[in-house]
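[1] sequence isn't available, so here's the structure alone:
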């Protein structure tokens, strides 16, 4: 799987990480779809599943270079660099755009999902009874998750760990939005807003020499929640990669047909025409995330009227489809150069 990468390859890999990070931030959009369409999904899964007992033995024995090469470290480090940069840049831009141009942003995402369905299914020829059943199951699961009502917030550490395991799956399973699942589980605000803000506040106080947070029970509780959520995310990322690597090897056709179905089902989440319900506190004030954007709680979907706004939205849907087609063309050129 490993190969020599040019500067352009490295730059585009960081950009792909930016795309995955931005996609993971938005409820209803999956970073795994970006990986699938951009042509590095299987290498991503392969690299993650190399984080195993052998890798830890190399690390413990101080064989850092061997460890780095074994886990395809250059690929993973550049990709995760893009994701981290995305959180502090692209995702904040997305927060602003969703706040001010919500319909058109969702239209682009809707178009990208349609384009992704075309991209994944166009070369899939192994249609039979089993793959049609898998496709149907994927669609039903995607639709069912799209219309679930959010649960109430739960800060039990075992449940928080479970949230970490489940939410990170959007990076490995195309069509499965981790942030939307956190909304359904009721812990989006707790895990992606409150706990992150607690970490920011703690770092800011440490820099100024203030260690008063040590005696702040609420702050310590939130830091514990964030730590357990992070551990759950790492465990989930590695675990899902091993599972998916196995099923892709042994049940590739069934897996791909299920993924196609799941992505089709997820169209309900990114349907552009919806009323957004924002999270509020007991005083009726909007709860803001770490970048100052309103925190989304749920959506009410509707069929649009035909007017200029709707025509603009359709135009942006076409833009979303073209973005995916452009990624496909880039992926084909890359495979020809290196293949």
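    Arrived safely. All figures in this text were calculated on a predicted structure; none of them were measured in a lab. Residues are numbered from 1 along each chain as shown.

[2] need the helix or strand of the protein with the lowest average pLDDT.
    Least confident helix or strand, the chain: strand 296-301 with a mean of 68, by mean pLDDT, DSSP states H and E.

[3] next SSE after it?
    Past strand 296-301, further along toward the C-terminus, the next helix or strand under DSSP states H and E is helix 308-338.

[4] just list the residues touching residue 315, thanks.
    Shown here is residue 315, whose contacts under the criterion Cβ atoms under 8 Å, 6 or more residues apart in numbering are residue 107. (C-beta placed from N, C-alpha, C; glycine too.)

[5] next: the one 3 residues further on.
    By Cβ under 8 Å, 6+ apart, residue 318 lies in contact with residue 111.

[6] swap in the one 5 residues further on?
    Listed by Cβ under 8 Å, 6+ apart, the contact set of residue 323 reads 108, 111-112, 115.

[7] ok, now how distant is it from residue 19?
    In this structure, residue 323 lies at 10 Å from residue 19, with Cβ to Cβ, to the nearest Å as the measure.

[8] give me phi/psi at residue 272?
    phi -60, psi -30 (degrees, to the nearest 10).

[9] look up how far residue 237 lies from it.
    As for residue 272, its distance to residue 237 is 30 Å (criterion: Cβ to Cβ).

[10] look at the two and report which has more neighbours.
    In this view residue 272 and residue 237 are compared by other Cβ atoms under 10 Å, and residue 272 has more residues nearby, 22 against 17.

[11] so residue 84: helix, strand or coil?
    When the structure is reduced to helix, strand and coil (DSSP: H, G, I helix; E, B strand; the rest coil), residue 84 reads as helix.

[12] give me the nearest residue to it, chain neighbours excluded.
    Counting by Cβ to Cβ, 6 or more residues apart in numbering, residue 21 is the residue found nearest to residue 84 once chain neighbours are left out, at 7.2 Å.

[13] name the residues of the helix or strand harbouring that neighbour that are buried.
    For residue 21, the host element (DSSP H and E) is helix 7-25. Neighbour counts over helix 7-25 (16 or more other Cβ atoms under 10 Å) mark 9, 12-25 as buried.

[14] quick one, that helix and helix 308-338 angle?
    140 degrees (axes from the mean of the first three to the mean of the last three Cα atoms, to 10 degrees).

[15] so the residue nearest to residue 84 sits against residue 31, correct?
    Yes. Contact status for residue 21 versus residue 31: in contact at 7.1 Å, counting by Cβ atoms under 8 Å.

[16] find residues that contact each of those two.
    Here residue 21 and residue 31 have residue 83 as joint contacts, going by Cβ under 8 Å, 6+ apart.

[17] so how many other residues sit close to residue 67?
    For residue 67, the tally of surrounding residues (other Cβ under 10 Å) stands at 20.

[18] so which strand or helix has the closest residue to it other than its chain neighbours?
    Counting by Cβ to Cβ, 6+ apart, residue 67 lies nearest to residue 58, which is 4.1 Å off, once chain neighbours are set aside. In this structure, residue 58 sits in helix 53-60 according to DSSP H and E.
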